[in-house]
Every structure is written in C-alpha cells, then in structure tokens.
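Engineer: here you go, sequence then predicted model.
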Amino acid sequence: MIIADLNKISGRTYPARRRTQNVVGGASPIQAKNFCMGNVTLEPNGGQVPWHNQEQEEIYFVVEGTGEMCLGDERQTVTTGQAVFIPPRVFHQLTNIGDKPLRMIYCYGPAGDVAHWRQELDGTLPKAGVEAPPLPAGARPQCTEKPKA
C-alpha cells in the first residue's frame, strides 16, 4: 500500500503566493496514469494560481476560503464546498480574495506535468492580454513575477 501524507509532503512555494503539495503525481509517492491530484494553499488577500491553460481537463474543489475564479471570459466568486470544472485548453485563474488562507484540491487528467508550474518559476508565464487571452473584465491582475534569487 502506498500512502501520501500531507503532513510529510513539503510541496513547493510559487511566486504567486501559493504552496502546492502533490498527492498523486509529481513528487508524490503515489503515481497514476489517468490523473494527478494535489492540495493547494493560497495566501490571504491575493495568493493565486495565475492565468494559464493546459491540455488536461481539471477540477478545483474549494476546501476552505473564498476566491475569485476566472474561466475563459467568466468571473465568479467561489467558496468552501464548491467545485469548478475546467475544460481542456481554457485559460483559468484562482485568486484568494479573503483574509484567511484558501485551500483547494485540484484533480486533472490525464496525468503529466503542466507547463505553468515551470513557467511561473522561470518568470515566463504568458501574460494575460499580451501572449494569452485577456482576463475577464474586473478580474484581479495575473501574477507574473519571477521569484527573487
């Protein structure tokens, strides 16, 4: 039996003020062919999964907190207990708009890496409205800052 324990998975911190812990796939001891899954914590007041897209379909499930979810040209508030379906290749972004951490679980399939993780760390994430479609009207800005060395 293989068990992934969040208490033992350090995860990775990203410039957009979030921590991602792989539960299935990535650095996790659990590997699957058909999906990846993880726990993400967005820091209060602006922590973000920045505007990006990927080939896989995905679900974001908000475990606790309140966020602004942008999906294509739509923008809506999501909160504890809600799930959002993200179709393949559709740009999306989740921003914590609350004053407490937002915790969410992602699940996407098929398994494999998604480019936005590396792009964010390298400072090469396509910018909304420049190299990528614009964010929906009124959306919080996309974080594209490269981490400080």
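Structural biologist: Looks like it arrived, so ask away. Keep in mind that what you see is a predicted model, and the values were worked out from it rather than measured.

Engineer: lowest-scoring secondary structure element of this protein by mean pLDDT?
Structural biologist: Least confident helix or strand of the chain, by mean pLDDT, DSSP states H and E, is helix 115-122 with a mean of 89.

Engineer: and the strands in the protein, which stretches?
Structural biologist: Secondary structure of the chain (DSSP state E): strands at 12-14, 18-24, 36-42, 48-52, 57-64, 66-71, 74-79, 83-86, 92-96, 102-109.

Engineer: which stretches of the protein have low pLDDT?
Structural biologist: In the predicted model of the chain, residues 146-149 satisfy pLDDT under 70.

Engineer: in the sheet, who's paired with the residue nearest the centre of it?
Structural biologist: Nearest to the mean C-alpha position of the chain, by C-alpha atoms, centre = their mean, lies Val49 at 3.9 Å. Per DSSP bridges, the residues bridged to Val49 are Leu94.

Engineer: any idea how far Tyr60 is from it?
Structural biologist: Distance, Val49 to Tyr60, by C-beta to C-beta, to the nearest Å: 8 Å. Where you see a C-beta, it was placed from the backbone N, CA and C, and this is true even at glycine.

Engineer: overlap in contacts of the two?
Structural biologist: Among the neighbours of Val49, those also in contact with Tyr60 (C-beta atoms under 8 Å, 6 or more residues apart in numbering) are Leu94.

Engineer: look up the closest residue to Leu135, ignoring the ones flanking it.
Structural biologist: Ala128 (4.7 Å; C-beta to C-beta, 6 or more residues apart in numbering).

Engineer: make JSON lines from the strands of the chain and add distance to Pro134 to it.
Structural biologist: Putting those into JSON lines (distance: least, C-beta to C-beta, whole Å) gives the following:
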{"stretch": "strand 12-14", "distance to Pro134": "22"}
{"stretch": "strand 18-24", "distance to Pro134": "22"}
{"stretch": "strand 36-42", "distance to Pro134": "22"}
{"stretch": "strand 48-52", "distance to Pro134": "9"}
{"stretch": "strand 57-64", "distance to Pro134": "21"}
{"stretch": "strand 66-71", "distance to Pro134": "10"}
{"stretch": "strand 74-79", "distance to Pro134": "12"}
{"stretch": "strand 83-86", "distance to Pro134": "18"}
{"stretch": "strand 92-96", "distance to Pro134": "11"}
{"stretch": "strand 102-109", "distance to Pro134": "24"}
